[in-house]
Structure formats: structure tokens, C-alpha cells
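# the amino acid sequence is not available; the structure is as follows:
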């Protein structure tokens, strides 16, 4: 095993874990390699809002110490990871990509952070994101944009853009993000990495800055399916502090990983490959389906007739819940305070005016309207009923198949600045991802090749039954094995 | 009568009657807050009982306290409510410094209890006041005024998250007296149940009143006003009486009562406008997504039902029925659960029968109550024990202790504890009941007062008191009055 | 579904957002467009359909035992406070 820093960073998380276990490499070595890589590339990329070098080095040293005594904590011990800046980290500034939380030092860790810590993972830093997770391109970050490692003039997607970019650019071996309407799956697709949105309730939301409470879910981004499964394994499971987390036991996600596609039934919603999907994207998705057939899976048509109402429902429910969740940013107890000289009302107004960017303001306005007296029934309540109809579509579909396959996004990564002036157009691109959140189902994004002309990653989306992440992993792994890995992004090469 | 109309004319004057509905907020006697494990103990320095959850920091989630649910169910059962098997929490959204999240978690469309009734007695007549609903919610923190020289206010979040039960009555009260009786009855029941400590001054039992007037004999309700900030029964009276006068004046002058919320000003004894209907906040209620619907199963309800104590009215009825006590005595004894339980225990030690019950009741409602009021101590704090009181009464019955002596002994034992017998001996308070000894004194006194004896014999019967006084003085007040009187009568012959 | 500027201002007030006149105009246009778009939900027959207000149907979790535990010390609670006085959060004068 070569010790050169460059090739170290091309290992998958599981390969690195094996190497650490065999003591062919130290956590110190690999952490230094990652930190150097970040130093070299992040000026151009913008994936990190904060690099926690000191802490990472200390954690790496502790991991090596444990390894020397034969006391490794598990597969993540000593592995360098990074977290979207939406996860509260005790003693480390957490901004949610917003100026209103600039300088905020949390006094507690998110549950997911505690679990990763207990597993010995090394935290490289906090990752760039759309402000309050609102966006599909990370252009709404209050601090700086993040770029796509495959083409620096393009977005990495969002809102977990930094998470996807860092993994794709080999800055970290895995990352965590959140997905409310596609915010893990879309950037994963745009950056050519694996991204999983688990079933709602599978992973604790405690300590994750809330955007839309009934839709938010925490999930991993990684270079391989096996890596993603390992990351889910450590973080999944009931948390007493999150009453929406499921008491259902966590299964062994590695167990059926290599079971293959034969025997699986893959559903395809023809509505999805109808109008609006870029032909190159559609081509790669169709090829993936053909591969599944060749591997022995059955391909069936399923109907998801209410898909087209998903965006409408999502863009009422999510902003409504967000308008309430963002009320606590008022300058009283933490974060930015402005305008206090003018009195209390002025303080509220000025703090929120200066602290929130345009997208959070827009969604707060939309959500406040949807909940306000006289409009609640027509908007919020109706959207929640449409949600039930969407879930029924999926329940019916899953009577006939095990996973549903389709594109993640109608296009590949778009250029920075291309969509900022037309929010509705930006929202409409979420059409394939929002229904998963609305129906509370697990969804995974898997790279299925490069766009034939644009040479940018295309993501295949797989949606599963509630709490059936194992089948998602199995199906994804089968394709991954067949297709082989994507090459590293040429723009940022090691 | 359940849909009672008071048979008594209301004090609003000959032309109008008043209709009152009351909303009580009762703090629940739990160890920890409703959504986090912080202590509910009173009196700590500001922000000493806080945590990320009740501070409303980013990323926190509510965790429901099972005791709050148990107490709500217990209260609902005691008041004859229908306990909903499925109830839902809701967010009530508004901005205020003492409301950290910018919303209060309460219950809106599906509260835990509906219906129910509170028994009251006015003018010797029993009737019931119907309830609309009971629901659970969290309390806000406290705003402190003038905490610094520059006039700023301070926010203390110790109380934020303390559990409250909101109990709403129908507009079934038709006088201030009824309103006060309702509150006293409800308060006694809540204290009996051990869910609330009944403290108005400290604010753990709070009341808002909805007051309207209508022409005598009308059935439709007039426009109501909500009155807040009455933290004693006296203030409630003042506030409602003022409000009724005010509304009558408005109507008599040809105006219309405007629906509004008014604050009671104790300094002036008046209510004044806080906000009008037009300024009424739009709370944008929606179901709390961070808390799944609350399912109360049969087992929980049955357990709560089994744990219900005998309630004040039932207990008072039993005292009348089984012990032959008067309604008046029974009501006084059952006003406080601890007093009633003390009475029960003392009676058990004292002995059965209506005579003993009556004697004991007289002492409890008389001398003991007097001492309790003087010292401000609750039964748990009295040094007097039920067995001790019984022993005291036995001493009096047997003639070993006279009335005045008994009062003295009671005073001592109440404040310092101890065995009544020992106190009698230590202070030489034993009554003289020895007939021979008393007879000797009587003869001595009569012999020394020949002139008065003559006057008494010739008709001045009111001199009996003179002789009693002299005999008692010789006996240092410890003569058994019955024996002294009997012997004097015998010797004086009439 | 066109929002008036008055409505935009009313919502901004409810949300304690101070908008510049440009922002008011911008949102008036953009929100109207979005609300127009979501109107299509009216095409659906939702009579008798339960709203999916909670994603986890039928998995009622256990409730928390009523035990008090220490939380943050006052200094920790106030560590991010923009202004404090003693152990209180300091805010501009609240007029009731």
C-alpha cells in the first residue's frame, strides 16, 4: 500500500478503514493528507466554511493511540470526515450558512456528532451550504459560493453543496448533509458521489438546525455505496431527545449489500422520464435500467400520477414550517443583534433584515402567508392532504416493485448565476426529489455515468420502502459493481 | 342543573345581567419541565434552570414529560371530561422576548380533554359549571423590567417550559360570587389531585376572565372582553365589577362594547385596553411537527382513574352522610385535602360516632383553624399530630382538662409539638374535677360572702356569676365548670 | 393570484421582517408567481383525505420520565447572549 498522500486520498472510506486497522497507514498521515488537500484546493472550491485542523490532529492522534493498543473503536475510528455547517458542534462555530448565526458557538453537540465522535471519526471541518438549507446550488450561502469539482464554473448543487464537493474532490472520506427536498441527492448527483436520504425518523434530528421539521433528514455522502452504508450504520437509531425518531431497530446494512440485482423488481415511473428531462440525463438513466435488466432484475412500469403536484405541496409545507422554525432568530439570546437602539420592535426587524439572505426571507414570507388566518385551509392544510395522496401513489407502486428508479434531477450541474433570478424555475428542478421527502421514504443518489456531451456526472435515483435502506444499498451496489467507479474530477486532480 | 342559569338576580342592576367565562392556567407539580429535564423549582437565580431546549437554541427538539400527560388525564377524569385517546400538539406563533422559540407549543384543534364540569355552591344551592376543554402547554419565561440603569429589560427563562394545564369554562357563570366560587372549587380539586399548589400570588394558578353583559332575560351573549392580570380573588372581584359597570355605561350611552383584551390595574382598581380585535395577533396555529400525535391508551386512563383521590364534594357528602356533620362543617373540613386527611386520622384515633365527629369538627374548624391561619402553616408543617389532637379531646371529655386549659395546651402542642398529657402536667393545667375539693371551696366562698348569698336568695340571680368567679379564682381557673355550677346551684338552692 | 403590496407588508410585519421597497416589489412579484403555481393543487379532490401532518404514523414513542437534571449553568446559557445584565438576557425596554 503506497503511503503517498495523493493515492491515500483516493481510497474509499472502507478501504482506508481496513488500512488503518491493519496499521498500514496512520490516522495522522491520512488526516495531514486531507488537510493539505483542503489547503491546496479549497481556495478554488469553497467547500469548507471552517477547517478544524487542531481538533482534527488531536482526534487523529487519539485514534492512532487507540490503534496502537489494539483498541480501535470501529470502522470509523481515525477516518477524516466533514459535516455540513447545519450540525451543531460544541465549541465550534456553527452558522447554518447564515450571517444571523455568525459567531454562534453552540454549547452542545448534535446527536449525530456525538455518535461520530464516539466512533472515533476525525472532524476536518464544517461545510458550506445554502443558508438554512434553502436552495439547490449553495449560491445562497451568505459567505461564499461553492463550486463543482468537475467544472468550477458550475454549482455543486445544494443545499449540501459543500458536503458533495468535499467528498468528490477527495478532501474528506465522507460527509454528512441534510435533505429536505433533495439537498443530499441533488448535490450528490451533480458531483458524482453517493448520497442517501434515509427514511424520515431513521436518523436523529436533534442538534441539526431545523428548516422544515416534517421533511428534514440527516444522511451521508460518500464515494461508494459501502461507505454510505457504514456511515448510516453508525448514526441511525432512536434518540430519546428526538420524538420523531423511530424506535425501530437498526439492521446490519452491510449484510445484504452484495446480494446482487437478480430477484429485485425495479419500478419505473414513466411520468418521470416524460417531458422536461435533458436527453443526455435520460439516456444514462435508461442505460442504468437496461443494466439492471441484464443483471437479472425485473423492470416494471409504475404510476406515480400525483408527481406533478409535489412541488406545489413542498413549496407550501416547507416554507410554512420554516417560517416558524426561523422565528427564534430574533437577536435576543444568540446570534446577530442589530437595531437595538431603536427599541424592541426595531431590534427584531433590523436583526432579521440584516441577518437573513433573500432566500430565507422569501420562504419565510411564503410560509407565513400559507399559515395565516384565512389561508391555512387552502394552502397548508390542502398541501398536507396532497402529501397523503403522494404517499398512497408510492404505497401502491411498492406493491409491485422493491425500488423505484429514475433521474435525480432533470439536468446535470448548471452554471453559477444561471438560475438565481428565477426562484420558481430553481424550485421546479426539485420535481423528482421532493416527493420522497413528502412521502417520508428513503432515497439514494448513485452516479450512473457522465453526460455524453457535457461530461458531467448524472445521478440515478433509487427510492425504497419505509426503513428499507438495505434494499436501496443492495440495488445501488449491484449497479456500482457493474459500472465501476467514476473517474476523479479532472478540474481538481490529486 | 348543568346548563344552569342562576336563580339569583345578578348584581349588574335591574336591567342587565353579567355572563362570565373563565380560563385558568395551572402550573403542574412535576419535577421537570414539559419538554426538557430542567427543574421546575421556584426561586433560583435567573437562567439557572435552563438547557438548550428551553432556551430555544438552534437544533433543539421537545421531549414530552409523561407526568404532564398523567396529570392532565387525572384532572380530566376528576372533572368528568372526555379524555381524547388521540390528541395533537400545535404551535402558537408570536414574537416576544420571553418566548424563546418564537412559538409556544400548546394544543389547538385536538386537546387532551373535552367537556367536563366543575361543581359550585352559591346561596346554598349546588350547581355545575360546564367546561369546554382542558389542554397542555408550556409556560413562557419572565420579562423583568428595569434591570439596568439604562432602562433595559431582562429576560429570565427559568419558567419557560414549565408545564401548564389550561382549563376553559363555558360562559356559565352569572355573578362575581359564582366566579369566585368556581375558582375556589376548581383550585381545591386541583390541589386535591396533587397537580397544582393553588398559589395565586406566585402565579402558579392564574385566571383570565371573559366578561359580557346582556339585557336581563336575553339568551344571546353580548360582546365579551377578556380581562387579564388578576392574581387574587379580591382583584378578580374588583376587575369584574369594574368591567361590568364600564360595559353598562357604554351601552347606556348608546354605544357598543368593543371586543378587546383588557388588563386589570390593581393600583386603580380599573381595567384598561391592552389590545383591540383589529390588533389581535394571527397565531398561525399548525400541528407541531416535532411531536407525534399523543396516544393515550386504556391502560393509562384506567391507572389514572384508580389513582383518583376522594374529591372535596364527595368527601363532604360522605362526612354528612356517614358522620352526621353539618354541610357547613363538612365543607370547611374538606376545603383542603391535607386538612381532611388530618381530620380522618384524628377521628380514627379518637373513636367513632356522630358525637365525637362533631366535637372533633368543632375543634378543627375552630381553634385549630385559628392557629393555622395565625401561623400560616399547612397541615404538613403543623407540629400537632392527629393522634395528639385526639388525645387532647379525650382529656377534655374525661374532665381532666377544661376549656381554657385545652386551648392553651393546643397552642403549645401546635407550635412546639409534644404529648398533650405531658404539657398539661408540665404546666400544671390539669382541671380540678374532684367534687369534694370543689365543694370545700364553694362552701368557703359562700361562707365569706354572706351578704351576696342573701341577695341571691332574695332574687338577684345574676349574682351567680360573682360566685362562679370567686370559686374559679380560688381554683386558679382550673375548676371544672360543670361541677362548679352544679355545686353552686345545690348550695344556693336555685 | 396576485398579492397586493399591502398584503406583502402585512406578512412582513407578522414575520418581523423589515423589507426595503425594492424587496417589497420583488417579493410581490415572485410570491404571486409561486402562489399562482400552487393553485393547481385545487384541481385535486381531497375530500375525505387525511392530512399527513406527521410522517411517522403509528409509531408512538415512549414518553420521558419526570426526572429533573441539571442543564446549562447560567454563564453557559448566556455565552452567546448579545447583551446581558447579571444572569439575565438584556433587551431593549419592553413596554406592556
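Looks like it came in fine. The shown structure was predicted, so the numbers you read here are calculated from the model rather than taken from an experiment.
# can you pull the pLDDT of residue B:472?
Residue B:472 is assigned 87 on the pLDDT scale.
# which residues touch residue B:97?
The neighbourhood of residue B:97, defined by Cβ atoms under 8 Å, 6 or more residues apart in numbering or on different chains, consists of A:330, A:332, A:344, B:141, B:143, B:153, B:155, C:89, C:91, C:94. Glycine gets a C-beta too; all of them are placed from N, C-alpha and C.
# element containing it?
Residue B:97 belongs to no helix or strand when elements are defined using DSSP states H and E.
# looking at the contacts of residue B:97, which are in strands?
Of the contacts of residue B:97, the ones assigned to strands by DSSP state E are B:143, B:153, B:155, C:89, C:91.
# which stretches in the stretch 201-350 of chain B count as strands?
Ranges of strands in the stretch 201-350 of chain B, per DSSP state E, counting those that start in this stretch, are B:205-215, B:225-228, B:260-265, B:270-276, B:286-287, B:294-295.
# average pLDDT for the longest one?
Averaging the model's pLDDT scores along strand B:205-215 yields 94.
# not counting its neighbours along the chain, what's nearest residue 87?
All of this refers to chain A. In space, and not counting its chain neighbours, residue A:87 is closest to residue A:110: 4.6 Å by Cβ to Cβ, 6 or more residues apart in numbering or on different chains.
# think we crossed wires, I meant chain C
Residue nearest to residue C:87 in three dimensions, not counting chain neighbours: residue C:74, with 4.1 Å by Cβ to Cβ, 6+ apart.
# that neighbour contacts residue B:51, correct?
No. Contact status for residue C:74 versus residue B:51: not in contact, 11.6 Å apart, counting by Cβ atoms under 8 Å.
# and the ones in strands among the contacts of residue B:97, which is closest to residue A:447?
Distance to residue A:447, by Cβ to Cβ, is smallest for residue C:89 among the ones in strands among the contacts of residue B:97, at 48.4 Å.
# what is the burial count for that closest one?
Other residues within reach of residue C:89, judged by other Cβ atoms under 10 Å in any protein chain shown, total 30.
# what sits against it?
When contacts are counted by Cβ under 8 Å, 6+ apart, residue C:89 is found next to A:332, A:333, B:47, B:97, B:154, B:155, B:157, C:78, C:81, C:83.
# between the residues you listed, which is closest to residue B:241?
Once Cβ to Cβ is applied, the member of the contacts of residue C:89 that ends up nearest residue B:241 is residue B:97, at 33.4 Å.
# residue B:261 versus the closest one, what's the distance?
Distance, residue B:97 to residue B:261, using Cβ to Cβ, to the nearest Å: 19 Å.
# please apply the same query to residue A:289.
Between residue A:289 and residue B:261 the distance, using Cβ to Cβ, works out to 63 Å.
# also residue B:98?
Using Cβ to Cβ, one gets 17 Å for the distance from residue B:98 to residue B:261.
# mind checking how far the residue nearest to residue B:224 when sequence neighbours are not counted is from residue B:173?
When the adjacent residues along the chain are set aside, residue B:224 lies closest to residue B:212, with 3.8 Å between them (Cβ to Cβ, 6+ apart). Separation of residue B:212 from residue B:173 (Cβ to Cβ): 11 Å.
# likewise residue A:154?
From residue A:154 across to residue B:173, the span is 69 Å (Cβ to Cβ).
# ok, now residue A:280?
74 Å.
# those two - which one has more neighbours?
More neighbours surround residue B:173 than the other of residue A:280 and residue B:173, with 29 against 19 (other Cβ under 10 Å).
# per-residue confidence for the nearest residue to the more buried one once chain neighbours are set aside?
Spatially, and ignoring its direct neighbours in sequence, residue B:173 is nearest to residue B:20 (4.1 Å; Cβ to Cβ, 6+ apart). Reading off the confidence values, residue B:20 has pLDDT 96.
# hmm, back to that, neighbours of the residue nearest to residue B:224, how many?
Applying the criterion other Cβ under 10 Å, we find 21 residues in the vicinity of residue B:212.
# how many residues are close by the closest residue to chain C within the stretch 51-200 of chain A?
Ranking the residues of the stretch 51-200 of chain A by distance to chain C (Cβ to the nearest Cβ) places residue A:200 first, at 4.3 Å. A count of neighbours around residue A:200, defined by other Cβ under 10 Å, yields 27.
# now it. Its backbone dihedrals?
As for residue A:200, its main-chain torsions (degrees, to the nearest 10) stand at phi -50, psi 130.
# and it, how far from chain B?
With the distance defined as Cβ to the nearest Cβ, to the nearest Å, residue A:200 ends up 10 Å from chain B.
# name the helix or strand for the residue of the stretch 351-494 of chain A found nearest chain C, please.
Residue nearest to chain C within the stretch 351-494 of chain A: residue A:384 (3.4 Å; Cβ to the nearest Cβ). Residue A:384 belongs to helix A:382-397 when assigned by DSSP H and E.
# and the next helix or strand after that helix, what does it pack onto?
The first helix or strand that comes after helix A:382-397 along the chain, using DSSP H and E, is strand A:403-407. With contacts defined as 3 or more Cβ pairs under 8 Å, 6 or more residues apart in numbering or on different chains; DSSP states H and E, the secondary structure elements packing on strand A:403-407 are strand A:265-269, helix A:279-294, strand A:457-464, helix A:469-483.
# most packed of those?
Mean neighbour count (mean count of other Cβ atoms under 10 Å in any protein chain shown) peaks for strand A:457-464 among those, with a mean of 28.
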